[in-house]
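[1] no sequence on this one, just coordinates:
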């Protein structure tokens, strides 16, 4: 996807801007990285190995990697430097910045809204990584955008290793409200309940509490504008959760209602694609207890091959010092019956999971 | 902590019961593990390397590792086998099972309420691990419990590698409502909102959504009785969160209010002890950009030693293929000024973090 892209200017040396800068620089692009915060700019330029104060003239593409609420004023300032300004936006919301850009009279064909879905709960250039976007979705809202600019934007995503996904602006804002902004606000509200806790209570905190509140470490200055800027898409989701919470409080003494709450949560988890989620599958799982000695896994896989079945998934549970281990194998319903019979005949300890 | 403990009977071959069985067996204790579910019992006994149907006579201690709502009926059944029954309870709630035990007339001095804080979002004997409790808190509510039984209970915790923490029953129930039951119900309510999502929206799910809903994979049958059984301690926490949620919905368009929501969440995260949390510290962090070549870390540590300062914490950020890396060092305020001056004089690229 070679384009005419040779020089990119990035405004905003935060986590995302600096990570894009590192990835583009590594791919051979000339990158100027600047920030209104001189400390962030100096650290980011050190990370890139730039000399202090180095500038590289007029860019082909300007990536604005600031918080979303200042995009309009950044464009106003940049257009003074470069009257042929072409902008790639990477902010976490889309409708609100577009309105701002429209209101300052900038040509929307020269403003490409995109969103790399690769945030971290840490921020600033010190958390930047050139491989931050590798294999992560990067949403492109390129309807009505100038074709040359669109090509440059796709080139940037390609060089960063992102997976381009085309969406409309509305689709984007509705989707991130569900998968990103709703979890953020709920995790923050959950974590804030801990402030009233005693030390002797918090001492008992485990991985469950840590994981469910991890994203509550996020940056208030950035998220304030993301959440407020996407309130139209976020509000109905929060109201739905508020209704479910009220119902749960009302029925808290009733085990059957609580079982429903947990069951509905499991249904929600099951629709998350990828690891521990994914499209509805119809696998049968076989738990096989093995003696903890070398070659057992290979012997089982060989036995499955002999039964001419296809192993769909595999997990190993092993505890150091324990005399047995557990291998869980997933099969199609047809294969599972064949392989279970075969393995049992060979003397393996097979337990169908439920 | 050698006690007269030689034979333990465990009723309930789920995650916790089987994990305790594996740990005790590994420490040399004779263990009988049984379950009303014959499949779970067979799998758990295979994991322990037992012969089918093996039983070992009358135990010194009976650990009841069933869901909390059936503890009363299990005691009723067990006392027929062993009139000198001594029970160690490991359920996630304490007040409700105690009431049940009292109501069947069992001697409370022979019932030791404990709670190993080591659940997983997976369940059943297939998820058991003999090292599940290593280094994890194990709460003991031993007020009024027979001294011999108390000693056996402490022996079990010790053999499992758990960290004993003494609490009253009330303290326990209030603490787990905050650090365990509240996150569970909120994670489940959050995850259940995903059911209404489109595939094209869920495709954008990242680690934030996965982590914040991970515990929503929990077992409904077990959690129904935990949540309903601890409703008195849990309800005020849910109402507090409900109030905060209502306020957030009302102020959703206001960036300053949203910044408060995120800031309050960060304050809550900061009071979680341990990794990424911990007691309020007063460290100054220095970010040091290094060239990505061998020996740089050692050289920095040597420079700190030469400045006679104490490194309180250290983190390394490095991206494969990138020409620079970042080392973040934490110091006391006094040391940081000394070491920053020393490192800068030696030519290191030092950036004080904020």
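    Noted; the coordinates are in hand. From a predicted model like this one, the values you see are computed outputs, not experimental measurements.

[2] looking at chain A, which helix or strand is least sure?
    strand A:313-318 (a mean of 66; mean pLDDT, DSSP states H and E).

[3] mind checking how far the helix or strand just after that strand is from the chain centre?
    The helix or strand immediately downstream of strand A:313-318 is strand A:324-331, counting by DSSP states H and E. Mean-position distance between strand A:324-331 and its chain equals 30 Å (Cα atoms, centre = their mean, to the nearest Å).

[4] Show me what the helix or strand hosting residue A:33 is packed up against.
    Residue A:33 belongs to strand A:30-34 when assigned by DSSP H and E. With contacts taken as 3 or more Cβ pairs under 8 Å, 6 or more residues apart in numbering or on different chains; DSSP states H and E, strand A:30-34 sits against strand A:7-11, helix A:15-26, helix A:38-47. The C-beta positions use only the backbone N, C-alpha and C, and glycine is treated the same way.

[5] what are the pairing partners of the first one, and which direction each?
    Taking DSSP bridges as the criterion, strand A:7-11 forms sheet pairs with strand A:30-34 (parallel), strand A:61-64 (parallel).

[6] What lies in contact with it?
    The contact list for strand A:7-11, computed with Cβ atoms under 8 Å, 6 or more residues apart in numbering or on different chains, reads A:17, A:20-21, A:24, A:29-35, A:56-66, A:74, A:78, A:82, A:156.

[7] Stretch A:193-200 too?
    Under the criterion Cβ under 8 Å, 6+ apart, residues A:202, A:209, A:213, B:167, B:171, B:175, B:178-179, B:182, B:237, B:240-241, B:244, B:264, B:267-269, B:271-273 lie in contact with stretch A:193-200.

[8] List buried residues within those residues.
    A:202, A:209, A:213, B:167, B:171, B:175, B:178-179, B:182, B:237, B:241, B:244, B:264, B:268-269, B:271-272 (16 or more other Cβ atoms under 10 Å in any protein chain shown).

[9] And the closest residue to residue A:262 other than its chain neighbours, its phi and psi?
    Nearest-residue entry for residue A:262: residue B:220, 3.9 Å, with adjacent residues in sequence omitted and distances by Cβ to Cβ, 6 or more residues apart in numbering or on different chains. When read as degrees, to the nearest 10, the backbone of residue B:220 gives phi -60, psi -40.

[10] Residue A:13 too?
    When quoted as degrees, to the nearest 10, the phi and psi of residue A:13 stand at phi -100, psi 50.

[11] So what's the residue count around it?
    For residue A:13, the count of nearby residues is 29 (other Cβ atoms under 10 Å in any protein chain shown).

[12] do residue A:259 as well
    By the criterion of other Cβ under 10 Å, residue A:259 has 19 neighbours.

[13] ranges for the helices of the stretch 201-350 of chain A?
    For the stretch 201-350 of chain A, the helices defined by DSSP state H, counting those that start in this stretch occupy A:207-213, A:220-229, A:231-250, A:255-270, A:296-306, A:333-345.

[14] Ranked by average pLDDT, which of those helices falls at the bottom?
    The minimum mean pLDDT among the helices of the stretch 201-350 of chain A belongs to helix A:296-306 (a mean of 79).

[15] Can you give the contact residues for that helix?
    Under the criterion Cβ under 8 Å, 6+ apart, residues A:288, A:290, A:311, A:316, A:325, A:327, A:329, A:339, A:342, A:343, A:346, A:348 lie in contact with helix A:296-306.

[16] can you count the residues close to the residue nearest to residue A:346 when sequence neighbours are not counted?
    Distances taken as Cβ to Cβ, 6+ apart put residue A:303 closest to residue A:346, at 5.7 Å, once the chain neighbours are dropped. Residue A:303 has 18 neighbouring residues, counting by other Cβ under 10 Å.

[17] Let me know the distance separating residue A:303 from residue A:347.
    10 Å (Cβ to Cβ, to the nearest Å).

[18] So what sits opposite the nearest residue to residue A:166 once chain neighbours are set aside in the bridge?
    Closest residue in space to residue A:166, ignoring its immediate chain neighbours: residue A:140 at 5.3 Å, by Cβ to Cβ, 6+ apart. Going by DSSP bridges, residue A:140 is paired in beta bridges with residue A:114, residue A:166.
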